[in-house]
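Student: got a predicted structure here, sequence first:
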Amino acid sequence: MKYYIVDAFTDQPFSGNPAGVVLIDWNSFPSETLMLQIAAELRYSETAFVVQHFDNEYTVRYFTPKAEVELCGHATIATFAMLHHENGLTGRCLCHTKAGDLAIEVGDRVLMQMATPQIVKTIDEPEEIYRALGAGDYTPALPVMIVSTGLPDFMIPVGDVETLNRLQPDMEAVSAITKKYEAVSFHVFAFADDSYTAHVRDFAPLYDIPEESATGTANAALTHYLQQNGCIPSTGDFSFLQGEAMGRPSVVATRVTADGVIYVGGSATIVANGELKVEN
């Protein structure tokens, strides 16, 4: 099996969000145990395992070092950017995932169609969430919601970028809350007077990811959240700056079409490749 290390949501190596990508040379996946072992060995927040069926049709499965997840935005962008640069893949592709079938537009920038957005839950009493973030008794001007475009994430507003970057979450408490609500992460955002729609940080310690430098699915969910709360137009192109506090700045682009379909994407850079010498 060939593997690649790809930095997603950036055109610069050693920035953005790194993911492992493993190409399966046969038409079925290896055992889940082996894929989990490989993901743990590569040690990135997610590793994508890819099986090709036809020229423009693929199935992708995603593993953290701890568990399989149904979908990972940055690992999907990394996968199809790698296929574009290494194999010349271009145009519209079909990607089968456990979260559903996704349309992917492949070129110099990869755009991934997200699942139909859904407001899963509004949190009426978010005090424990802000305490877990280390934000004290902050009272938000916008609601705290769990939103999904494939994976359920908390959308959590804070007052400004300075507050956002000072957050020091209690990871044990964040894990407990996300587990209680069957969510994946705390996706925390703030507005600034600049060219970005919002600045964001994402914490998913329940899945052994203390913080991610770019999260495609969560920023697609944030796009829907901001629309539903009247913060952005119903259609258009948006961008989110993430990873500043980690020293790995990433720009995640989203697009909402006239029929309400959300795409998320960006560029990606291959930083390493090799062969896995393992047996299934």
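Tutor: Happy to help now that I have it. Source: prediction; values computed, not measured.
Student: mind giving me the domain ranges of this protein?
Tutor: Domain assignment for the chain, taken from automatic domain parsing, gives 2-113+267-275, 118-260.
Student: make TSV out of those domains and add mean neighbour count and mean pLDDT.
Tutor: Glycine gets a C-beta too; all of them are placed from N, C-alpha and C. Below are the domains of the chain laid out as TSV (neighbours: other C-beta atoms under 10 Å; pLDDT from 0 to 100):
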stretch	mean neighbour count	mean pLDDT
domain 2-113+267-275	19	94
domain 118-260	19	95
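Student: how about the helices of this protein, start to end?
Tutor: Ranges of helices in the chain, per DSSP state H, are 32-42, 73-87, 127-133, 161-166, 171-180, 216-228.
Student: so which of these gets nearest Val271?
Tutor: Closest approach to Val271 among these is made by helix 73-87 (10.4 Å; C-beta to C-beta).
Student: excluding chain neighbours, what is closest to Gln37?
Tutor: Nearest residue to Gln37, sequence neighbours excluded (C-beta to C-beta, 6 or more residues apart in numbering): Val278, at 7.9 Å.
Student: now do the same contact list for that neighbour.
Tutor: Residues near Val278 by C-beta atoms under 8 Å, 6 or more residues apart in numbering: Met1, Leu34, Gln37, Ile38.
Student: quick check: it vs Tyr4, distance?
Tutor: 16 Å (C-beta to C-beta, to the nearest Å).
Student: quick one: contacts for the residue nearest the centre of the chain?
Tutor: Residue closest to the mean C-alpha point of the chain, counted by C-alpha atoms, centre = their mean, is Thr215 at 2.6 Å. Contact analysis of Thr215 by C-beta under 8 Å, 6+ apart lists Asn17, Gly73, His74, Asp153, Ser185, His187, Val200, Asp202, Gln242, Val252.
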